[in-house]
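In: My questions concern the predicted model and sequence given below.
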Amino acid sequence: MSVRACLFGVALAMLVPPAARAGREAVPCTDRVDAKVGIALESFRRDVGRYPTTAEGLRALRARPAAVPAAADGRRFGWDGPYLEREEDLRDPQGRALGYRSPAADGRSWEVWVVEGGR
């Protein structure tokens, strides 16, 4: 095994969220889901000046939260979405719901996981 592959495995292990979430089992997202949601979250942050709150959740990537102003001329920050094209983008390829928290429990800016049994 190469050093690069070993380091990737260690980094991936650190990114996997804890398994227990409010009585439901969490499983890691696929790379495709993680990348798509990650890009959308970064676009939201660029436009709004922060990540969606845990209460706003990933729905903030599809519809403007009430507390967030719309983008307008002369305004530095504002919601300019939707950042995800389809409602299905809020689920993994098997149709399971995605969980979201910001900030993450481990201090990262955010975390996304698949909620097992969350349909």
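Out: Now that the structure is in, tell me what you want to look at. Residues are numbered from 1 along each chain as shown.

In: and the longest helix along the chain, what does it pack onto?
Out: Ranked by number of residues, the top helix in the chain under DSSP state H is helix 31-48. In terms of contacts (3 or more CB pairs under 8 Å, 6 or more residues apart in numbering; DSSP states H and E), helix 31-48 is packed against strand 111-115. For glycine as for every other residue, the C-beta is placed from the backbone atoms N, C-alpha and C.

In: The strand it packs on pairs with which strands?
Out: Here strand 111-115 has these sheet partners by DSSP bridges: strand 24-27 (antiparallel), strand 98-101 (antiparallel).

In: among these, which gets the worst mean confidence?
Out: When those are compared on mean pLDDT, strand 24-27 scores lowest, with a mean of 44.

In: which outside residues touch the longest helix of the chain?
Out: The list of residues contacting helix 31-48 from outside it, by CB atoms under 8 Å, 6 or more residues apart in numbering, reads 28-29, 51-52, 58, 60-61, 68, 71, 77-81, 83-84, 89, 92-93, 98, 110, 112, 114.

In: Go through it and flag the buried ones.
Out: 33-34, 36-37, 40-41, 43-45, 47-48 (16 or more other CB atoms under 10 Å).

In: So which of those is the closest to A104?
Out: Compare each of the buried residues of helix 31-48 with A104 using CB to CB and the shortest gap goes to L41, at 11.7 Å.

In: Report the separation between that closest one and G74.
Out: From L41 across to G74, the span is 25 Å (CB to CB, to the nearest Å).

In: Right, I'll call it a day here.
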